[in-house]
Every structure is written in C-alpha cells, then in structure tokens.
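K.L.:
Here is my input; please provide its structure:
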Amino acid sequence: MLPLNYIKVTVTLDDPPEEPKAPEPPAEEVDVVLFCDTETTGFRKGSHICEIALVRARYHKLEKLDEEEIGLLVCPPCPIPEEASAVNNITDEMVENEPAARELWGQLYPFVKDVKFFVAHNASFDIRMVKEDFQGVFFMPQDGNKFVVPIIVDTLKVAKKLWPAFPNHKLETVSEALELYKGLGGEAHRALYDTKICQCLAEKAMAKEGSFRNLARRFGKSA
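P.N.:
Prediction:
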C-alpha cells in the first residue's frame, strides 16, 4: 500500500537537444574539389562522351564538410561501337533519347562553379573529352567563354607514386588492392561508380599528405 502523501508524477522528456554544429571554417581554408569520370565511345580522336559523372566535395584539412553527386547519360553524335559497349555496358538504345552534352550544361554548372581542384584518373583524357564535347563551356569563368581548368590532380599519377608496387595502376586494380570498392554500389566502368572510386583513392592519398591542399601541392598542375 502506498503512503497517503504519495503523488504519482509522470514526466515527458523532450528529445535531447542536438549537438551544436561546428562553425564553418573560413572560405579560404576550404578546398572545393570536383571529381569526374567520363565514359566514351572510344579513346581515339573523334570519340565522344556517352556518360558523365561529377562529385563535388568540400574539405577542410582531412574533414569532408559535404558532397553532392550527379551522373548523366549523354547522347553522343555517333553510334557507340560494340567494343566500347563491351567495357562500359552502355548501348545506343540507352542513350538515344538522352540530351546531347551541351544540353546538360545547366545541370552540371552548379557542380563546376568555383571549384579549386579537378580530379580524375588519367585526367588528361577526361579534360580533353569535356573540353571537346562541351565546346569550351565546362569551366567557363564569369567574365567570358575561355575554357579554364582549376588545378588538376591525376589520381593515376598519384597511385603510381604512392603505391609503386602494384602490378598496374588502372582504377580497377588500385580499387581492388586498396579495397576502395567497399561500401560502394554500382559497377566498374560506369561513370558515377568510377568517380566515387577516384574520390576514395584521392582521400586515401590525402590521409598520407595531411590535406587535399597538400596533395595538390605535390601532385597538382595547372592546365
């Protein structure tokens, strides 16, 4: 039996307050990085993009502040050869109703705007492809139409330097050796998956160098 002066009190607790967010670091300390991969109709001159993916990420030293991604099929101005489809599994039927590269610019520009670094595996190839298929607008500054590229970091060269013992430095080989694929969905030789593998590789190298900025100082170059 409860004592006569017993009072039952029910207390409803609100959700605990959220942890306060850390203040945004100064803009000049933030590295805005664009990771890119293109799938194409071939490797020779006259080839065209049939898929493009971008991941835009912001880093402060080794901390990733945020990221966003996009992957788009592109209708090239030529058929996709069987040998290209055998690699990337992209067929003419998949792209026949997709926009041409220039028509996608409005969707891609928010990712490209104000980036400080461009990262790709065998970057010279992707730079050439976006330069040709987007006809000079891919890194368009606000004051003109000149093709402008930020500092380029080629993860192929990074991998060769930091992991020289690998049998080769193709993206698939490096991904297997470093287990970069873990936790990622998708398939090799599709643009968004390969872009994310390239990002994981760059982040692995960043950990060795202390920040993306340091990685770029060692391996980056101007266009």
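K.L.:
And the strands in the chain?
P.N.:
Ranges of strands within the chain are 31-40, 49-60, 63-73, 117-120, 151-154, based on DSSP state E.
K.L.:
With adjacent residues omitted, what lies nearest to residue 101?
P.N.:
residue 133 (4.0 Å; CB to CB, 6 or more residues apart in numbering). C-beta: built from backbone N, CA, C; applies to glycine.
K.L.:
coming back round to it: TSV for the strands of the chain, including mean pLDDT, mean neighbour count and distance to residue 187?
P.N.:
TSV is the format used below for the strands of the chain (pLDDT from 0 to 100; neighbours: other CB atoms under 10 Å; distance: least, CB to CB, whole Å):
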stretch	mean pLDDT	mean neighbour count	distance to residue 187
strand 31-40	96	25	11
strand 49-60	97	23	12
strand 63-73	97	14	12
strand 117-120	95	26	18
strand 151-154	95	21	23
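K.L.:
So the residue nearest to residue 101 versus residue 50, what's the distance?
P.N.:
10 Å (CB to CB, to the nearest Å).
K.L.:
Determine the residues that are contacts of both of the two.
P.N.:
74, 76 (CB atoms under 8 Å, 6 or more residues apart in numbering).
K.L.:
okay, and for the chain, where does confidence drop off?
P.N.:
1-20, 136-149, 223 (pLDDT under 70).
K.L.:
if we go to 50?
P.N.:
2, 4, 6, 8, 142-143, 145-147 (pLDDT under 50).
K.L.:
Quick one: distance of the longest helix anywhere in the chain to the chain centre.
P.N.:
For the chain, the helix with the greatest residue count under DSSP state H is helix 191-209. Centre-to-centre, helix 191-209 and its host chain are 8 Å apart (CA atoms, centre = their mean, to the nearest Å).
K.L.:
Could you tell me which residues within that helix count as buried?
P.N.:
For helix 191-209, burial by neighbour count (16 or more other CB atoms under 10 Å) applies to 191-206, 209.
K.L.:
and it, what does it pack onto?
P.N.:
strand 31-40, strand 49-60, strand 63-73, strand 117-120, helix 155-162, helix 171-178, helix 212-219 (3 or more CB pairs under 8 Å, 6 or more residues apart in numbering; DSSP states H and E).
K.L.:
Give me the helices and strands touching the longest one, please.
P.N.:
To tie it back to what came earlier, the one meant is strand 49-60. Counting by 3+ CB pairs under 8 Å, 6+ apart, strand 49-60 packs on strand 31-40, strand 63-73, helix 82-88, helix 105-112, helix 123-133, helix 191-209.
K.L.:
Recalculate using a threshold of 7 Å.
P.N.:
strand 31-40, strand 63-73, helix 105-112, helix 191-209 (3 or more CB pairs under 7 Å, 6 or more residues apart in numbering; DSSP states H and E).
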